[in-house]
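> Structure, please.
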Amino acid sequence: MTTLALGLIETRSLDALLADGPPSLAACAERLGWPFVPLGLGARTIGRLHLGSEFCETLLSTEAALRHALARSRDAGLGFALVTPILSDAGLSRLSSLLPLLPDGTEVVANDWGTLRRVGRMRPDLIPVAGRLLCKLIKDPRLPSSEWARLYPHGLHSGPFGAMLDRLGAARIEMDVPPFADLRDFRSTTVKVSVHAPYGFSVKGRSCRIGSLAQPPEAKFTAGQDCRRDCLIYVGGLSRPETGAADLPTFQRGNTLFYRHSDAMLETVAAAMAEGWVDRLVLTGDWNENRRTH
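Numbers count the residues shown, from 1 in each chain. Next comes the predicted model:
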């Protein structure tokens, strides 16, 4: 049975989202401005809360936000996962102060190998999950056909990759829906699979385009900027109208390029869920209607 998870970067919208109890998939889709594609789960309610950013160390949860989210998820009877980005040594030190706050059996979504190792060594009672940055895919929203995507298949079916996940204790992996997704993309015989919707990420970097707006020319598009969390307010749209290409809707938030799923991609996810290959759907997006990206 597929579980629905609500993915949040911060907690400012959490109380409103849970004001009347865990929302349904249909209600979440409407709030995201997502033309709901029937996945057979419209009336099902959210069963989990995932807190954190996968893409920027600056957005690693604070202790106060984590305590609040844990309390709200507990009160609502929801499962919980702490989501982490790729972390530097300084980021791993910050993570080390968060791990003691997590109850036994809490999931930690790690997007680099060092974080998986740190979780396993420091809190072996927690459940490590391989994040979608560890599930490498060709996810260019400009792809013209499925042939391009098949040139470099992802590692979900790779024996050595599965052995690495097993050695680090990760029995679940999160992934995106690639353009021209094939049903077989979601099948794994070694780990459980979570899928993000209705947005996927294409590529991330170290410099923040939005954060550069207020910087002097010599400091634009560099790493290590003072962060004002502009990415939580502003997004930048990208398009190639002059080419006539049928690109997926694309936008940049902070240091990461995202794309919106097509109906065909979501239908493939629905088929994978029906086969039992995907047992968790993580709903990610901008939960504040005043900041909706599309």
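> Need the phi and psi values for the closest residue in space to Ser194 that isn't next to it in sequence.
Nearest non-adjacent residue to Ser194, counting by CB to CB, 6 or more residues apart in numbering: Arg280, 3.9 Å away. Any C-beta I mention is one placed from the backbone N, CA and C, and that applies to glycine too. Main-chain torsions, Arg280, degrees, to the nearest 10: phi -150, psi 130.
> Spit out the contact partners of Arg280.
Taking CB atoms under 8 Å, 6 or more residues apart in numbering as the contact definition, Arg280 lies against Thr2, Thr3, Leu4, Ala5, Arg48, Arg172, Lys192, Val193, Ser194, Val195.
> Mind listing residues that contact whichever strand or helix holds the fourth one?
Assigned by DSSP states H and E, Ala5 falls within strand 3-8. If you take CB under 8 Å, 6+ apart as the criterion, strand 3-8 is touched by 14, 17, 22-23, 25, 28, 41, 44-52, 69, 79, 81, 83, 194, 196, 279-285, 287.
> what sits up against the one helix or strand in the chain whose mean pLDDT sits lowest?
When the helices and strands of the chain are scored by mean pLDDT, DSSP states H and E, helix 146-150 comes last with a mean of 72. With contact meaning CB under 8 Å, 6+ apart, helix 146-150 is reached by Ile138, Asp140, Leu143, Pro178, Pro179, Phe180, Asp182.
> quick one: which of the residues you listed is most hemmed in?
Pro179 (26 neighbours; other CB atoms under 10 Å).
> If any of the contacts of strand 3-8 are buried, give me the ChimeraX selection for them.
Entered in ChimeraX, the line below selects the buried ones among the contacts of strand 3-8, by 16 or more other CB atoms under 10 Å:
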select :14,17,22,23,25,28,41,44,45,46,47,48,49,50,51,52,69,79,81,83,194,196,280,281,282,283,284,285,287
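> so where do the helices sit in this structure?
14-17, 25-31, 63-75, 89-98, 113-122, 146-150, 159-167, 263-274 (DSSP state H).
> Redo those as JSON lines? Include distance to Cys208.
Shown next, in JSON lines, are the helices of the chain (distance: least, CB to CB, whole Å):
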{"stretch": "helix 14-17", "distance to Cys208": "24"}
{"stretch": "helix 25-31", "distance to Cys208": "26"}
{"stretch": "helix 63-75", "distance to Cys208": "20"}
{"stretch": "helix 89-98", "distance to Cys208": "16"}
{"stretch": "helix 113-122", "distance to Cys208": "21"}
{"stretch": "helix 146-150", "distance to Cys208": "28"}
{"stretch": "helix 159-167", "distance to Cys208": "30"}
{"stretch": "helix 263-274", "distance to Cys208": "27"}
